[in-house]
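Q: Next input, structure requested:
(one chain, ligands or ions: 2)
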Amino acid sequence: MTITAAIVGYGNLGRSAEKLIKATEDFELFGIFSRRDNLDTQTPVYPVADAAQYADQVDVLLLCLGSATDIPEQATGFAEHFTTVDTYDNHSKVPEHYQKMNAAAESSGHLSIISTGWDPGLFSMNRVLGQALFPQPVQNTFWGKGLSQGHSDAVRRVEGVKRGVQYTVPREDAIAEARAGGGEDIVATEAHARVCYIVADETDHDRIREEIVNMPAYFAPYQTTVNFISEEEFERDHLGMPHGGHVITTGDLGGSQQSVEFTLELESNPDFTAAAMVAFARAAARLAEAGETGARSVLEIPLYLLSTQDHDTLLAREV
Ligand SMILES: NC(=O)C1=CN([C@@H]2O[C@H](COP(=O)(O)OP(=O)(O)OC[C@H]3O[C@@H](n4cnc5c(N)ncnc54)[C@H](OP(=O)(O)O)[C@@H]3O)[C@@H](O)[C@H]2O)C=CC1
Ligand SMILES: N[C@@H](C[C@H]1CC(C(=O)O)=NO1)C(=O)O
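A: Numbers count the residues shown, from 1 in each chain. Ligands and ions are numbered 1, 2, ... in the order given. Purely as a prediction, here's the structure:
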């Protein structure tokens, strides 16, 4: 089955999704839906406002939109016409997003897999797996040091921000403590610092800093630093998007101490996230083909549906 995919939003994630779809044998790229018509790409570009007109030519639509405001405002509109995959990552509002996408997908007979990527996404799957292994699991998630695209999107939506990125910096002593089984008292908001680099007019600095450090869910719970830099410094030092992290679960199994760790080291956050989107887009296309409708989280997707191989092949080779 060749899966015809399309992309909404040609930002960091959208450009990576284009690259990954083109590199994946069982996919073909229909095109990119964008607000802009001057994109630097050979892929066909269509006005995002016209997307629904092409729904019968697309098996799955990758929503490469920002989570701070775009997904909450736009995702259900796409789910009414397409099978969709998104990377929505405002953790505190994922249940609400699931419900809204389920209503939109169910009512129109489509399927949407929400909050794919790595966190949420692969880290979510590994948190659940790690917790299932221990009577009393001790579990911690650490991110970075690296560039959070969600937090960077959030700072860029603050009025007056011309360029912006956010780096997440974990406390290495906390990671070591978690690995040694001492993670019970580690609190994520105390184990990470958030460091922003912003290009903005000097007259806006104080307001922008206040709005960022007090931003609910994204920054307010954390120690957050906002640095204002020149456009030249931004171009020189802040175009890369490395990231990574760890899900560490430890515990006692009847007298034996065990430790389970899932780790990512990412040269490109958007490239890896796009790769996860493509795998879940494969599952979404298969589920839709089978007549499934409504929203699904990554926890509801059988692993074999992510693979290019069928279950029998995987049974013989990987089990
Ligand atoms: N779950 C996970 O593990 C991960 C999730 N993410 C999520 O991916 C999201 C996207 O990140 P990234 O690609 O870096 O973000 P970008 O800002 O680079 O891209 C967002 C794109 O959304 C489109 N868009 C649609 N409406 C608007 C609007 N009103 N304002 C601005 N842009 C709009 C634009 O495309 P156009 O101009 O072409 O219309 C824009 O390029 C992040 O917000 C994050 O939440 C990222 C990494 C990991
Ligand atoms: N959703 C994140 C992916 C990881 C990174 C992260 C963080 O640095 O706080 N949390 O989750 C992203 O947008 O990059």
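Q: Which helix or which strand is home to the closest residue to ligand 1 within the stretch 201-319 of the chain?
A: The nearest approach of the stretch 201-319 of the chain to ligand 1 comes at Thr273, 3.9 Å away (CB to the nearest ligand atom). No exception for glycine: its C-beta is placed from N, CA and C like everyone else's. Per DSSP states H and E, Thr273 falls inside helix 269-289.
Q: tally of neighbours for Gln99?
A: Neighbour count of Gln99, defined by other CB atoms under 10 Å: 11.
Q: Which other helices and strands does the helix or strand hosting it contact?
A: Counting by DSSP H and E, the element that carries Gln99 is helix 94-108. Secondary-structure packing of helix 94-108 (3 or more CB pairs under 8 Å, 6 or more residues apart in numbering; DSSP states H and E): helix 70-79, strand 84-86, strand 111-113, strand 294-296.
Q: gap between the following helix or strand past the last one and the chain center?
A: Under the assignment DSSP H and E, the closest C-terminal helix or strand after strand 294-296 is helix 311-317. When C-alpha coordinates are averaged (CA atoms, centre = their mean, to the nearest Å), helix 311-317 and its chain have centres 29 Å apart.
Q: Tell me the confidence at the residue of the chain found nearest ligand 1?
A: Minimum separation of the chain from ligand 1 (CB to the nearest ligand atom) falls at Gly11, amounting to 2.0 Å. Here, the pLDDT recorded for Gly11 equals 98.
Q: name the element the residue of the stretch 151-300 of the chain found nearest ligand 2 belongs to?
A: Using CB to the nearest ligand atom, the single residue of the stretch 151-300 of the chain nearest to ligand 2 is Thr168, 3.2 Å away. According to DSSP H and E, Thr168 maps onto strand 163-170.
Q: got it, and Ala5?
A: Assigned by DSSP H and E, Ala5 belongs to strand 3-8.
Q: Now that strand: buried residues?
A: For strand 3-8, the buried set under the neighbour-count rule, 16 or more other CB atoms under 10 Å, comprises Ile3, Ala5, Ala6, Ile7, Val8.
Q: What of stretch 235-246?
A: His238, Met241, His243, Gly244, Gly245, His246.
Q: Which ones among these also lie next to ligand 1?
A: Checking the buried residues of stretch 235-246 against ligand 1 by CB under 6 Å from any ligand atom, not one of them is in range.
Q: near ligand 1, which residues of the protein?
A: Proximity of the chain to ligand 1 is confined to 9-13, 34-36, 48, 64-67, 70, 87, 89, 117-121, 149-150, 153, 269-270, 273 under the rule CB under 6 Å from any ligand atom.
Q: re earlier: and for the residue of the chain closest to ligand 1, nearest residue in space, chain neighbours not counted?
A: Spatial nearest neighbour of Gly11, excluding adjacent residues (CB to CB, 6 or more residues apart in numbering): Cys64 at 6.5 Å.
Q: In contact with the one you found, which residues?
A: Contacts for Cys64 were tallied using CB atoms under 8 Å, 6 or more residues apart in numbering; they are Ile7, Val8, Gly9, Tyr10, Gly11, Leu13, Gly14, Ala17, Thr87, Ala274, Met277.
Q: From the residues you listed, pick the one nearest Asp40.
A: Tyr10 (9.0 Å; CB to CB).
Q: Verify the stated contact: that closest one with Thr41.
A: Yes: applying CB atoms under 8 Å, one finds Tyr10 in contact with Thr41, separated by 7.2 Å.
Q: who has more neighbours, these two?
A: Shown here are Tyr10 and Thr41; by other CB under 10 Å, Tyr10 has more neighbours (22 against 14).
Q: My reading is that that one lies in a helix. Confirm?
A: No: Tyr10: not assigned to a helix; according to DSSP: H, G, I helix; E, B strand; the rest coil it is coil.
Q: Against Arg207, how distant is the closest residue to Ala180 other than its chain neighbours?
A: Closest residue in space to Ala180, ignoring its immediate chain neighbours: Thr250 at 8.0 Å, by CB to CB, 6+ apart. Counting by CB to CB, to the nearest Å, the gap from Thr250 to Arg207 is 44 Å.
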